[in-house]
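Peer 1: Need a 3D model of the sequence below.
(2 chains)
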There are 2 protein chains.
Amino acid sequence: MAVIVQKFGGTSVGDLERIARAATRVKGAVEAGYQVAVVVSAMAGETDRLVGFVNETDPGHDRREYDAVVASGEQVTAGLMALALQRIGVPARSFQGWQVPIITDDIHGRARVSEVRPENLQACLDTSTVPVVTGFQGVTPSGRVSTLGRGGSDLSAVVLAAALGAERCDIYTDVDGVYTCDPRIVAKARKLDKITYEEMLEMASQGAKVLHTRSVATAMNHRVRLQVLSTFTGAPGTLVVDEDEIVEQQVVSGIAYSRDDAKITMVGLPDRPGVAAALFGPLAANDINVDMIIQNISDDGERTDLTFTVAKGDLSRALKMLEDNNDSLGAARIEPDSRVVKVSVIGVGMRSHAGVAGTMFQALADKGINIQLISTSEIKISVLISEDYLELALRALHTAYGLDAAE
Amino acid sequence: MAVIVQKFGGTSVGDLERIARAATRVKGAVEAGYQVAVVVSAMAGETDRLVGFVNETDPGHDRREYDAVVASGEQVTAGLMALALQRIGVPARSFQGWQVPIITDDIHGRARVSEVRPENLQACLDTSTVPVVTGFQGVTPSGRVSTLGRGGSDLSAVVLAAALGAERCDIYTDVDGVYTCDPRIVAKARKLDKITYEEMLEMASQGAKVLHTRSVATAMNHRVRLQVLSTFTGAPGTLVVDEDEIVEQQVVSGIAYSRDDAKITMVGLPDRPGVAAALFGPLAANDINVDMIIQNISDDGERTDLTFTVAKGDLSRALKMLEDNNDSLGAARIEPDSRVVKVSVIGVGMRSHAGVAGTMFQALADKGINIQLISTSEIKISVLISEDYLELALRALHTAYGLDAAE
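Peer 2: Next up, the predicted model:
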């Protein structure tokens, strides 16, 4: 009998009525002949409430106790979901992370899953009972509660699907799938029926919020077929699958954007060997990731400008470090700019199609949009532009790559 | 090094400020040289909120899932208390029931503790770390979360104190001890410095709310010295101890009352053998406890009146059963009366002093209060009276037994 894992996020279980509605999705899958394992998040807002308690009690908190407190939200939803299922005639029982067990390392607050033992869940499935598992949490080898960090419930669903050899892992959420672009900005954005793991990974890491990179990467590694779909409509969503499952591959599958970057320009930096190492070494040592980098060609062979991006949240820390070190770096000026956005076009078809970058640059130039920085990977081209042009750029690119929905 | 267990109830940990204040009580005991283990309830109101969720999701709920949901409240407080202790420099860590473990039977919702393994807690204490244990919850032999029912957190504290060989178990609450009578009614009520287990047990079972009978009985069986005291003042409270620890024993230690009883009179019941069995058998079979019973002397040897009390919550169910069975019982009338209260005078000194009952009856007669039913035990006399006379009766008895505080 085929197993599927269904995961319901915080808005999908945000109140008792929504939990009851989510339960009907589970019942539907059971009636369709599947063995179903369910993973639930905390009710929307509950985790924030608990995190608030922890921060107020002790701002420099012990992350082991943070985990013990915060993990309780999922425990409540799992019990309530089991009850909601029982009420509509579906035998069910809740499992906490330690009851499965989902074993993690002891990096509390952002633990990594080291092992999922499927025996208890499989025994439950084999008695036609739906196991309802707390997302987001696990247990350390020493028997303490751990949490998996942001997007942890999706990750729980993926690792359970892998451990159970599930046919599919359905991620129920408040949107009905993955779109070619953010439909709140691009009205002609289309829902994708399928997308490859690699593309989804780039979409997620370039700013699409629907799935976290960790979950997609884990699904890809274990070849777990993911589906993103809406709890509220129950209509088919977007399948995240292997490339060979997709017959007609578009050159560009989607356009992502991120407002999370800030730009720093080191003006008039001495153009000598080792300056980049002296600049980026200390940033890396302090966990400040640098994403895009461009170095201008030096006019006189003595001075050059160097521009790069960091996460907006790291900007002030990065600036302070650069200013503190500027005696040895020797830049004439350090210019920050946080009014920038990163726009990325993504598609595995780029591997075999030329001219994808040219189309992007031409479309932006046609709208008079200046490109400040560029970075590329095998299946992605990203540009940094002024935030003023975000909407214009997304719409122009969406049209240029033929992604617009038919009228 | 002597161990003490400190238990903080729901109002004592009702918000973050109160948790912080409770933490200072723990710190005080640590600084006084004790190894301290802490037991916490859920924040006041939290358990009710969770019970509400469960009842709304599935009124005929699976009690295993009820336990999984409801136990989460203590988990939150335990983590927060550990953090509050760390913040004021007291090393601490939280333990859930399964982490101790506190092993119970599988009667979910009102489980009985079968075993407490003290090794993990003792190891924690031996590293000068305060273990903060979730009250109210345990784990079944099959690894599911169980809860201990009403008053469960006190019971958790007592069983941990027994397992750790604690010198004392301090029950922190919102009153500053056990009183000779309810001070909201009897202004001259005095706080008792000491009370025996047997008296406390009778006080609790006769309506005093400060401790539950299960906790007192368990403390008595394991000879755990209990102290009831206020989180807010921190002043010495009332010690519940062995009789031989009390030097000057009063004849009567306290007066309890209960509004939880209702009276039923079977008027004109045929006076023949077996009628009591026919009446009380079905009640017992349906878990309806009968407390006080009186049968009038039959005038003519044919008909008699039989009066007894049941819990108010069971009254309508009891009446329905009696009416359904009255064809065979043959009472002329069934008269319920829920406007009654039970007043009890309690003291181990009764064993060796005569005239205690006489004092009670005289004091009530002097005020014109009619006694409807009487029951006695070795250290207790209870009477049922009209609820109109409750306050008058309590004050008269308090004075008659010399319990009034000095002016």
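Peer 1: in the stretch 251-400 of chain A, which ranges drop under the pLDDT threshold?
Peer 2: Across the stretch 251-400 of chain A, no stretch falls below the confidence threshold (pLDDT under 70).
Peer 1: ok, which stretches of it are helices?
Peer 2: A:275-285, A:315-329, A:356-366, A:390-400 (DSSP state H, counting those that start in this stretch).
Peer 1: which stretch among those helices comes nearest chain B?
Peer 2: helix A:315-329 (25.6 Å; C-beta to the nearest C-beta). Bear in mind the C-beta positions are built from the backbone N, C-alpha and C, glycine included.
Peer 1: Outside of that closest one itself, which residues are in contact with it?
Peer 2: With C-beta atoms under 8 Å, 6 or more residues apart in numbering or on different chains as the test, helix A:315-329 has contacts from A:262, A:264, A:266, A:269, A:275, A:278-279, A:282-283, A:286, A:288, A:310, A:331, A:334, A:336, A:338.
Peer 1: For the residue of chain A most remote from its centre, give its distance to chain B.
Peer 2: When distances are taken from the C-alpha mean of chain A, A:D300 lies farthest, 44.1 Å away, according to C-alpha atoms, centre = their mean. To chain B, A:D300 is 58 Å away according to C-beta to the nearest C-beta, to the nearest Å.
Peer 1: same deal with A:A29?
Peer 2: Using C-beta to the nearest C-beta, we find A:A29 at a distance of 20 Å from chain B.
Peer 1: For the stretch 101-250 of chain A, which residues are neighbours of chain B?
Peer 2: A:G143, A:R144, A:V145 (C-beta under 8 Å from any C-beta of the partner chain).
Peer 1: what's the pLDDT at the last one?
Peer 2: Spelled out, it's A:V145. In this model, A:V145 is scored at 97, pLDDT.
Peer 1: Please apply the same query to the one 10 residues further on.
Peer 2: Reported pLDDT at A:L155 in the predicted model: 97.
Peer 1: Give me the buried subset of the contacts of helix A:315-329.
Peer 2: A:A262, A:I264, A:M266, A:L269, A:V275, A:L279, A:P282, A:L283, A:I288, A:V310, A:A331, A:I334 (16 or more other C-beta atoms under 10 Å in any protein chain shown).
Peer 1: And these, which two are furthest apart?
Peer 2: Using C-beta to C-beta, the buried ones among the contacts of helix A:315-329 span at most 21.2 Å, a distance reached by A:A262 and A:V275.
Peer 1: and A:C181, what does it touch?
Peer 2: Taking C-beta under 8 Å, 6+ apart, one finds A:A189, A:G254, A:I255, A:A256, A:L394, A:H398, A:L403 in contact with A:C181.
Peer 1: Check which helices and strands the helix or strand hosting A:L80 sits against.
Peer 2: Here A:L80, judged by DSSP states H and E, is contained in helix A:72-87. The contact analysis (3 or more C-beta pairs under 8 Å, 6 or more residues apart in numbering or on different chains; DSSP states H and E) places helix A:72-87 against helix A:16-31, strand A:35-40, helix A:46-57, strand A:92-95, strand A:130-134, helix B:46-57, helix B:63-70, helix B:72-87.
Peer 1: Now render those as a markdown table, adding mean pLDDT and distance to B:R214.
Peer 2: As requested, these are exported to a markdown table (pLDDT from 0 to 100; distance: least, C-beta to C-beta, whole Å):
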| stretch | mean pLDDT | distance to B:R214 |
| --- | --- | --- |
| helix A:16-31 | 97 | 32 |
| strand A:35-40 | 98 | 34 |
| helix A:46-57 | 94 | 30 |
| strand A:92-95 | 98 | 27 |
| strand A:130-134 | 98 | 30 |
| helix B:46-57 | 94 | 17 |
| helix B:63-70 | 96 | 17 |
| helix B:72-87 | 97 | 17 |
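Peer 1: want to try CSV for the ones you listed, with distance to A:E245 as columns?
Peer 2: Formatted as CSV, the helices and strands packed on helix A:72-87 follow (distance: least, C-beta to C-beta, whole Å):
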stretch, distance to A:E245
helix A:16-31, 21
strand A:35-40, 22
helix A:46-57, 34
strand A:92-95, 31
strand A:130-134, 27
helix B:46-57, 38
helix B:63-70, 38
helix B:72-87, 41
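Peer 1: Which residue is it, in the stretch 101-250 of chain A, that comes closest to chain B?
Peer 2: A:G143 (6.0 Å).
Peer 1: Phi first, then psi, for the closest residue to that residue other than its chain neighbours.
Peer 2: Of all residues beyond its chain neighbours, the one nearest A:G143 is B:Q99 (6.0 Å), with distances taken as C-beta to C-beta, 6 or more residues apart in numbering or on different chains. The phi and psi values for B:Q99, taken as degrees, to the nearest 10, are phi -80, psi -20.
Peer 1: tally of neighbours for B:Q99?
Peer 2: Residues lying near B:Q99 (other C-beta atoms under 10 Å in any protein chain shown) number 23.
Peer 1: pretty sure it is touching A:V139, no?
Peer 2: No: B:Q99 is beyond contact range of A:V139, at 9.7 Å (criterion: C-beta atoms under 8 Å).
Peer 1: Please tell me how far A:D305 sits from chain B.
Peer 2: 48 Å.
Peer 1: Name all residues that make contact with the residue nearest to that residue when sequence neighbours are not counted.
Peer 2: For A:D305, ignoring the flanking residues on the chain, the nearest one in space by C-beta to C-beta, 6+ apart is A:N296 at 4.5 Å. A:N296 is in contact with A:T304, A:D305, A:L306, A:T307, counting by C-beta under 8 Å, 6+ apart.
Peer 1: Let me know the closest of those residues to chain B.
Peer 2: Closest to chain B, out of all of the contacts of A:N296 and judged by C-beta to the nearest C-beta, is A:T307, at 43.1 Å.
Peer 1: so how many other residues sit close to that closest one?
Peer 2: Neighbour tally, A:T307, other C-beta under 10 Å: 19.
Peer 1: Any idea what it is bridged to?
Peer 2: Beta-bridge partners recorded for A:T307 (DSSP bridges): A:T265, A:I294.
Peer 1: Tell me who's in contact with it.
Peer 2: So A:T307 contacts A:K263, A:I264, A:T265, A:M266, A:I293, A:I294, A:Q295, A:N296, A:Q372, A:L373 (C-beta under 8 Å, 6+ apart).
Peer 1: Buried subset of these as a ChimeraX selection?
Peer 2: Selecting only the buried entries of the contacts of A:T307 in ChimeraX, with 16+ other C-beta under 10 Å as the criterion:
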select /A:263,264,265,266,294,372,373
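Peer 1: Closest to chain B out of the contacts of A:T307?
Peer 2: A:I264 (36.9 Å).
Peer 1: got the contact list for the closest one?
Peer 2: Counting by C-beta under 8 Å, 6+ apart, A:I264 has contacts A:T307, A:F308, A:T309, A:V310, A:L315, A:A318, A:L319, A:L322, A:I334, A:E335, A:P336, A:D337.
Peer 1: Please report how far it lies from A:D314.
Peer 2: Computed with C-beta to C-beta, to the nearest Å, the distance linking A:I264 and A:D314 is 10 Å.
Peer 1: Pick out the residue of the stretch 301-407 of chain A closest to chain B.
Peer 2: Closest to chain B within the stretch 301-407 of chain A is A:G313: 24.6 Å, counting by C-beta to the nearest C-beta.
Peer 1: measure that residue to A:R259 for me?
Peer 2: Where A:R259 is concerned, A:G313 sits at a distance of 12 Å (C-beta to C-beta).
Peer 1: Ok, A:G268 next?
Peer 2: Taken as C-beta to C-beta, the span from A:G268 to A:R259 is 29 Å.
Peer 1: Right, I'll leave it there.
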